[in-house]
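Visitor: Please work out how this folds:
(chains A and B)
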Amino acid sequence: MTEHVPEKELRLPATINSLTTLGVALRQFLAALPVKENWIYPLDLALCEAASNIIRHGYHDDPTAHYRVCFSHDDRAVTVKLYDSGVPVPEEKRQPPVIDPDAPLTLESLSEGGRGMQLIFSGVDRVSYHQGKTENQLTLLKTLP
Amino acid sequence: MKFETEKIDKALLFTPVARRLDASVALRFKEAVAAVIQQGETALILDFSRVDFIDSSCLGALISLLKSLSGKGQLVLCALNANIKAMFALTRMDRVFTICADRSEALAVINEGG
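Guide: Next up is the predicted model:
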């Protein structure tokens, strides 16, 4: 099988409490696949960060809004698609952030936030974003081991 | 979200009892630890032995807590699983936080801290 067939779809309220439900659902979906925790964790984290961004920045924690998540896989990869109708991700944030590994680290200069995109891009093999007229689609693809 | 606390000598061991520390609980986690700091605890060990997963909001909470000590106390993390450790390394937070293998090592670090 090489075609991505939707195998599980969720519709979740745009509240931060939905993240736990989402993580549980991902792990249930992956349970049938031959993947270990060190493969699952980065995908779980990327999905959690992506959904957090939709909830916080896309919908501004509007509990009446919803987002959809679709899990699928073929023999090569797992694909997770997130759909929302909130504020689109700004274009400048759709690329992997540039991190200087040698930049000085001081506690005073450390931000409490801003690491989500780094964790999304580093946790999966491909990230794509499509801003439609009525819906945004973020796709996370992680190659199976 | 539940927490367990235990005082050993001058150290307060704080153990979140939750498999996932994501954005849905990060604020409660931060407020709970901040409360013990405000009560005067300045030698804190956060034991992650019951935690399987943390996200960037939890990482942010930890940074906030470390800043709140303003260099006048110790915050030591212990019992992070391999995946959480990898996340700390990726974000370079392993260079910011004192991370120990377990409680014993963390207690030793606190005691060496004077």
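
Visitor: now the chain, which segments are flagged as low pLDDT?
Guide: Assuming you mean chain A. Along chain A, segments meeting pLDDT under 70 span A:1-6.

Visitor: wrong one, I was asking about chain B
Guide: In chain B (pLDDT under 70), the answer is B:114.

Visitor: which bits of it sit near chain A?
Guide: Contact residues, chain B versus chain A (CB under 8 Å from any CB of the partner chain): B:20, B:22-24, B:53, B:55-57, B:59-61, B:63-64, B:66-67, B:82-83, B:86-87, B:90-92, B:95-96. Bear in mind the C-beta positions are built from the backbone N, C-alpha and C, glycine included.

Visitor: so of these, which ones are in helices?
Guide: If you go by DSSP state H, the residues of chain B next to chain A have B:23-24, B:56-57, B:59-61, B:63-64, B:66-67, B:82-83, B:86-87, B:90 in helices.

Visitor: For B:Ile8, see how far away the residue nearest to A:Glu112 when sequence neighbours are not counted is.
Guide: Nearest non-adjacent residue to A:Glu112, counting by CB to CB, 6 or more residues apart in numbering or on different chains: B:Gly60, 3.7 Å away. The spacing between B:Gly60 and B:Ile8, counted by CB to CB, to the nearest Å, is 28 Å.

Visitor: before we move on, what about B:Val51?
Guide: From B:Val51 to B:Ile8 the distance is 20 Å (CB to CB).

Visitor: Who has more neighbours out of these two?
Guide: The neighbour comparison of B:Val51 against B:Ile8 (other CB atoms under 10 Å in any protein chain shown) goes to B:Val51, with 21 against 14.

Visitor: Could you tell me which residues within stretch A:110-122 count as buried?
Guide: Across stretch A:110-122, burial judged by 16 or more other CB atoms under 10 Å in any protein chain shown covers A:Leu110, A:Glu112, A:Arg115, A:Gly116, A:Met117, A:Gln118, A:Leu119, A:Ile120, A:Phe121, A:Ser122.

Visitor: just how off-centre is that stretch within its chain?
Guide: 12 Å (CA atoms, centre = their mean, to the nearest Å).

Visitor: Could you do stretch B:49-69 as well?
Guide: Using CA atoms, centre = their mean, the offset of stretch B:49-69 from its chain centre is 7 Å.

Visitor: Quick check: residues of chain A near chain B?
Guide: Near chain B, when you scan chain A using CB under 8 Å from any CB, you find A:16-20, A:23, A:37-38, A:41-42, A:44-45, A:48-49, A:52, A:56, A:101, A:105, A:107-108, A:110-113, A:115-116, A:118-119, A:122.

Visitor: Just the buried subset of the residues of chain B next to chain A, written out for ChimeraX, thanks.
Guide: In ChimeraX, this line selects whichever of the residues of chain B next to chain A come out buried by 16+ other CB under 10 Å:
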select /B:20,22,23,24,53,55,56,57,59,60,61,63,64,66,83,86,87,90,91,96
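
Visitor: Right, I'll leave it there.
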